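Participant: Here's my sequence, what's the structure:
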Amino acid sequence: MPDKKPTAKRREYKKQYAKRWNESHREWWKAKRLEAWAERHGLSLTEALSIYVEQDGRCSICRRQLTVGTRSADNNGAVIDHHHATNLVRGILCNRCNVGPGMFEDNPDRLLAAVAYLGGVR
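Facilitator: Numbers count the residues shown, from 1 in each chain. Have a look, this model is predicted:
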């Protein structure tokens, strides 16, 4: 039985083909990512982009310019923030600011205590 392992030439061809396909469908992929980004929180893409525009494309906390459609690991990547108990959307934050409230378990008293602590250490 002949070995069905692809040759180096065939592997390179498939790699280049995939690269060309991804490049030619970049906008399609970006639209799909944006749609999934909104749907994860029960929003339509129009609703999510409306919030983004209402916030002037900036993080609700630090006011950094957000990038939509990038991976959330990007510090300026837009993240839809929601209250974990009610699942209601609060706004759009950058990745860094989205982590902060979660670290304080969405508890304003703990967050204010942290602010007081930081204010006292000068």
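Participant: Which elements pack onto the lengthiest helix in the chain?
Facilitator: Secondary structure of the chain per DSSP state H: the longest helix is helix 8-24. Applying 3 or more C-beta pairs under 8 Å, 6 or more residues apart in numbering; DSSP states H and E, one finds that helix 8-24 contacts no other helix or strand. Where you see a C-beta, it was placed from the backbone N, CA and C, and this is true even at glycine.
Participant: I'd like the numbering to begin with 276 instead of 1 from here.
Facilitator: With 276 as the first residue, the last one maps to helix 283-299.
Participant: hmm, who's touching that helix?
Facilitator: Helix 283-299 has contacts (C-beta atoms under 8 Å, 6 or more residues apart in numbering) with Pro281, Trp304.
Participant: Please save the CA atoms from the helix or strand that comes right after that helix in CSV.
Facilitator: Counting by DSSP states H and E, the next helix or strand C-terminal to helix 283-299 is helix 301-314. What follows is helix 301-314, C-alpha atoms only, in CSV (Å, rounded to 0.1, in the frame of the first residue of the first chain):
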residue,chain,number,x,y,z
ARG,A,301,-10.4,38.8,5.9
GLU,A,302,-13.5,41.1,6.0
TRP,A,303,-15.8,38.1,6.2
TRP,A,304,-14.0,36.7,9.2
LYS,A,305,-13.9,40.1,10.9
ALA,A,306,-17.7,40.4,10.4
LYS,A,307,-18.2,36.9,11.8
ARG,A,308,-16.0,37.7,14.9
LEU,A,309,-18.0,40.9,15.5
GLU,A,310,-21.3,39.1,15.3
ALA,A,311,-20.2,36.4,17.7
TRP,A,312,-18.8,39.1,20.0
ALA,A,313,-22.2,40.7,20.3
GLU,A,314,-24.2,37.5,20.4
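Participant: Measure how helix 301-314 sits relative to helix 283-299, angle-wise.
Facilitator: 60 degrees (axes from the mean of the first three to the mean of the last three C-alpha atoms, to 10 degrees).
Participant: tell me the mean pLDDT over helix 301-314?
Facilitator: Here helix 301-314 scores 82 as its mean pLDDT.
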